[in-house]
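>>> Here is my input, please return the structure:
(chains A and B)
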Amino acid sequence: MSKSILKKDKVAEALSALGKVSVVYAPVKNKRGLVEYKELGKDASTADVRLDGKPDTPPKAILFPQTELLLTYKKEDGEFVVTPAKPDDREKVIFGVKPCDAIGISLMDKVFLGGKFTDSYYKARREKVTIFTIACDGPLDSYCFCPSTGGRPAATDGSDVMMYDVGDSYFVDGITDKGKKALEALKGQLGKPTAEQEKRKEEIVKRSESAEGFTRKISDEAIAKMDTSFDSKYWDDVARRCLSCGACTYYCPTCHCFDINDEKGGERVRTWDSCQFAIFTMHTSGHNPRAIRGQKLRNRYYHKFKYSKDNIGRYLCVGCGRCIALCPASLDITKAINEVK
Amino acid sequence: MSDLSDEKIREEAKKALREKGLKCVIGWNAEGTPTFASTAEEIDKLAFNKSSVNNLVPYLTYEIRSQRGKTRDGKDKVVVPVGIVVRGCDSKALLLLLNEKILARSEVFIIGVPCTGVVDPHAGGALFRKCVKCAMRNPVVFDVLASDKVQEDEKDYSEVEAIERMSQEERWALWEEILADCIRCHACKRSCPVCYCDECLLDPTDVAVKMDTSAEEKAYRPRWVERSVNVPENLVYHLARLPHLVGRCVDCGECERVCPRRLPLRLLTAKLEKDVKDIFDYEAAKEEGQKPLIAMSCMEDDNGFIM
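The predicted structure is shown next:
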């Protein structure tokens, strides 16, 4: 069943079938017109699912929630009793993911699972997640630039199942064992592809390889220039209109910085943090090595395109363009890097 | 909105740059991107059109305040004046800063642009909600106007009044739903033209740690807002922001514009503005030299909201 066909009018049925064996998340339009991943059957119904276009938020929070309880503690008879929290480790399918966001998850895996230390909370969740990706056929909007960051519109990294839009159906391809297993739940909905459908899928893959249609780009030469431009005044000029809010980092599929605090009621909580916030790098001495906007923004760009390349071998940007679309100050990471001096 | 006003903006900016020795002129380029023009060539890129969405006043405050300080012999550093292009709503915020003596009138050169509304990029070519009916289309403080004044509307509080008519339960349900959607990215706070404190109680650590801050002070730092993002903490965040804006918020709507969650934050600021009008008969940034509301309390004030 690894190569099959799912008719578009059977998608709702397929989502219900998946829902019988796991929790299903899919992109849904919210009250204010934003498309974001919601748990079907709880926060939304299959009828609300929107598979066209780019969801406004990445699926990051399903694996790495903005607020996560790590443990609780209380004092009993003079002794502290510590109870570790149990992460939500239900079987989950994330359906209708875009290839850039799937790559984003594979990069978070490198951070939380790939190094010297394993994040047990992330791991517990990650092992139970199966990713159904719908390949793009060219850029989804003018903000897309995945080919510049090592991605492709039909890239398969991070995906368990790939789906290709071949007209009135999706061509469905099980990539990993996890994905193939998940497809077993869809026996009633999947059919056999025709030669024409197979051909169409191959055309999408071919177009994806050539990365045609992308006008937004980051040049390799510009990224190479970053090697010698760290001390350039350029970063202060770029950051002159940055407001130092955290919108770009919170909407980024790969930004993963967090903070841990003990909160009221004896709860130790992990929350997202942002390198753009004033005290992100504040030392207890009072010294702040990245106190001004230029330094903070430069750090974000270098983390995306330099440090990550050196440390994990890949850019930590997937070219989704959300930080460009959402920036209150119209900052554009592609322009900022292309014009580096 | 015509090319004529662009020409006028550029002409006046160049003249001021030359004659007043401005550090730069803050404006928008033709794409609506905030731009800092410090040469005649850069000034030629300034424009004003339907894409000029940003309130540029926070940049002005930064450009001026970052020049402040003492010289080695203890004198105040000389502040090089900065130019700015403002719409009506922006000019109200700027006037408030002048009235609060955060900026000095001599430090700014103001090019006013009467405005008939700017376009919400998320609304497919439609105007921002705040621009549909607007009572502050014409700049209230300026050195020069780039075009003729335009017709203004009566202030429209109908959305606020609709919420006032709701029961307490209905209001809570409304705000609970809105607050649940906030991710506390701080964009509303960072973009607010009248928020200028260096330390903020809404920052993750709300005490400025200095060389002489003791370990005890750090350990017992008051934390008004937990970092957890949930309805109660988000409520504290927004409710802490608002009292700091009483009699100060000019309802420019920048917080609502920048919100990546598209939360209707102007429902809060418009209510604030309306209450200040109704209870204290006060309007923020109404005229030059106006005292801040908080400096005008008197025995006759209505205190029904406390007692």
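
>>> Contacts only, for the residue of chain A found nearest chain B.
Closest contact between chain A and chain B, by CB to the nearest CB, is at A:Pro328 (3.5 Å). The way it works is simple: take the backbone N, C-alpha and C, and place the C-beta from them, glycine included. Counting by CB atoms under 8 Å, 6 or more residues apart in numbering or on different chains, A:Pro328 makes contact with A:Leu243, A:Cys245, A:Ala247, B:Asn54, B:Ala187, B:Arg190, B:Ser191, B:Arg257, B:Val258.

>>> Kindly report the same for A:Ala195.
For A:Ala195, no residue meets the contact criterion (CB under 8 Å, 6+ apart).

>>> Relative to A:Val166, how far out is it?
Per CB to CB, to the nearest Å, A:Ala195 is found 12 Å from A:Val166.

>>> Could you do A:Asp262 as well?
Remark: distance between A:Asp262 and A:Val166 (CB to CB) = 53 Å.

>>> Tell me the helices and strands packed up against the longest helix along chain B.
In chain B, taking DSSP state H as the definition, the longest helix is helix B:3-20. If you count contacts as 3 or more CB pairs under 8 Å, 6 or more residues apart in numbering or on different chains; DSSP states H and E, helix B:3-20 packs onto strand B:25-29, helix B:40-43, strand B:46-47, strand B:82-86, strand B:108-112.

>>> which strands and helices sit next to the second one?
If I follow you right, that is helix B:40-43. Contacts defined by 3+ CB pairs under 8 Å, 6+ apart place helix B:40-43 against helix B:3-20, strand B:34-37.

>>> and the residue nearest to A:Gly114 when sequence neighbours are not counted, what are its phi and psi?
In this structure, A:Gly114 finds its nearest non-sequential neighbour in A:Ile312, 7.0 Å apart by CB to CB, 6 or more residues apart in numbering or on different chains. For A:Ile312, the backbone dihedrals (degrees, to the nearest 10) come out as phi -120, psi 0.

>>> ok, A:Ile312 - contacts?
By CB under 8 Å, 6+ apart, the neighbours of A:Ile312 are A:Leu107, A:Lys110, A:Val111, A:Gly114.

>>> quick one, domains of the chain?
No chain was given, so I picked chain A. A:4-209, A:220-338 (automatic domain parsing).

>>> Please refer instead to chain B.
Domains of chain B are assigned by automatic domain parsing as B:3-69+B:77-145, B:158-295.

>>> and those as TSV, adding mean neighbour count?
Putting those into TSV (neighbours: other CB atoms under 10 Å in any protein chain shown) gives the following:
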stretch	mean neighbour count
domain B:3-69+B:77-145	19
domain B:158-295	17
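
>>> What are the neighbouring residues in contact with B:Ser106?
B:Pro81 are the contacts of B:Ser106 under CB under 8 Å, 6+ apart.

>>> Checking it next. Helix, strand or coil?
Secondary structure, DSSP: H, G, I helix; E, B strand; the rest coil: B:Ser106 is helix.

>>> Quick check: residues of chain A near chain B?
Residues of chain A found near chain B (CB under 8 Å from any CB of the partner chain) are A:30-34, A:66-67, A:240-241, A:243-247, A:250-251, A:259, A:261, A:263-264, A:269, A:271-274, A:277-279, A:282-286, A:326, A:328-330.

>>> Let me see the ranges of the helices in the stretch 51-200 of chain A.
Remark: helices assigned in the stretch 51-200 of chain A by DSSP state H, counting those that start in this stretch are A:60-63, A:99-112, A:120-126, A:177-183, A:195-210.

>>> Pull the distance from the shortest one to the chain's centre.
To tie it back to what came earlier, the one meant is helix A:60-63. Distance, stretch centre to chain centre, for helix A:60-63: 8 Å (CA atoms, centre = their mean, to the nearest Å).

>>> Just the residues contacting it, thanks.
With contacts defined as CB under 8 Å, 6+ apart, helix A:60-63 is touched by A:25, A:37, A:92, A:94, A:101, A:104-105, A:108, A:122, A:125-126, A:129, A:252-254.

>>> quick one: low-confidence parts of the stretch 101-250 of chain B?
B:204-211, B:218-221 (pLDDT under 70).

>>> Mind jotting down where the helices sit in it?
Under the criterion DSSP H, counting those that start in this stretch, the stretch 101-250 of chain B contains helices at B:129-132, B:158-164, B:168-180, B:187-191, B:215-219, B:231-241.

>>> how about a markdown table for the ones you listed, with distance to A:Ala224 added?
Formatted as a markdown table, those follow (distance: least, CB to CB, whole Å):
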| stretch | distance to A:Ala224 |
| --- | --- |
| helix B:129-132 | 44 |
| helix B:158-164 | 52 |
| helix B:168-180 | 45 |
| helix B:187-191 | 33 |
| helix B:215-219 | 43 |
| helix B:231-241 | 42 |
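
>>> one step back: would you list the domains of chain A in CSV and tack on mean pLDDT?
What follows is the domains of chain A, written out as CSV (pLDDT from 0 to 100):
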stretch, mean pLDDT
domain A:4-209, 95
domain A:220-338, 93
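
>>> circling back: could the helices and strands packed on helix B:40-43 go into a markdown table alongside mean pLDDT?
Shown next, in a markdown table, are the helices and strands packed on helix B:40-43 (pLDDT from 0 to 100):
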| stretch | mean pLDDT |
| --- | --- |
| helix B:3-20 | 93 |
| strand B:34-37 | 97 |
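
>>> Out of those, which is closest to A:Ser45?
With respect to A:Ser45, and counting by CB to CB, the nearest of those is strand B:34-37 at 41.7 Å.

>>> what's around A:Ile105, how many residues?
A:Ile105: 26 surrounding residues under other CB atoms under 10 Å in any protein chain shown.

>>> My read is that it contacts A:Thr130, right?
No - applying CB atoms under 8 Å as the test, A:Ile105 and A:Thr130 come out as separate, 11.3 Å apart.

>>> center of the chain, which residue is that?
Looking at chain A here, since you left the chain open. Closest residue to the average C-alpha location of chain A: A:Pro253 at 3.0 Å, with CA atoms, centre = their mean.

>>> try again with chain B
Closest-to-mean residue, chain B, CA atoms, centre = their mean: B:Pro193 / 2.6 Å.

>>> Give me the outermost residue of chain A relative to its centroid.
The outermost residue of chain A, judged against the average C-alpha position, is A:Asp77 (45.3 Å), by CA atoms, centre = their mean.

>>> For that one, grab phi and psi.
Here is the backbone geometry of A:Asp77 (degrees, to the nearest 10): phi 50, psi 40.

>>> I'd say B:Leu202 and B:Arg190 touch.
No - the criterion here is CB under 8 Å, and B:Leu202 misses it with B:Arg190 at 10.4 Å.

>>> Burial check on the nearest residue to A:Lys225 once chain neighbours are set aside, number of neighbours?
Closest residue in space to A:Lys225, ignoring its immediate chain neighbours: A:Val340 at 5.0 Å, by CB to CB, 6+ apart. Using other CB under 10 Å, A:Val340 is surrounded by 20 other residues.

>>> show me where the stretch 201-341 of chain A has strands.
For the stretch 201-341 of chain A, the strands defined by DSSP state E, counting those that start in this stretch cover A:258-263, A:267-272.

>>> most neighbours per residue, which of the ones you listed?
strand A:267-272 (a mean of 20; mean count of other CB atoms under 10 Å in any protein chain shown).
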